[in-house]
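Sequence first, then the predicted structure:
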Amino acid sequence: MVLTSSSEVTDINQIYDLGANSYLVKPVAFEDLLSMVQALNLYWLMLNEKPTVALSGN
């Protein structure tokens, strides 16, 4: 995940090409940034599914 101030299309495309899973542009207002971080916390800690890893050698 990338959290940045750039909304340039070339930056967005480059980050996804490098393997990022999400590109977020930081809001200017602190209260909006705080809301975004709280939402991200909920998503990454509560809703995001982690991949299952198969055990090798079985």
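Thanks, I have it.

ok, and the closest non-adjacent residue to W44?
Nearest residue to W44, sequence neighbours excluded (Cβ to Cβ, 6 or more residues apart in numbering): M1, at 7.9 Å. In short, each C-beta sits where N, CA and C put it, glycine included.

Cross-check the contact I'm expecting between that neighbour and L24.
Yes. Between M1 and L24 there is a contact at 6.9 Å, judged by Cβ atoms under 8 Å.

Show me where the protein has its helices.
Counting by DSSP state H, the chain has helices at residues 9-17, 30-42.

Mind putting those into a markdown table with mean pLDDT, mean neighbour count and distance to T52?
Putting those into a markdown table (pLDDT from 0 to 100; neighbours: other Cβ atoms under 10 Å; distance: least, Cβ to Cβ, whole Å) gives the following:
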| stretch | mean pLDDT | mean neighbour count | distance to T52 |
| --- | --- | --- | --- |
| helix 9-17 | 95 | 12 | 24 |
| helix 30-42 | 91 | 11 | 22 |
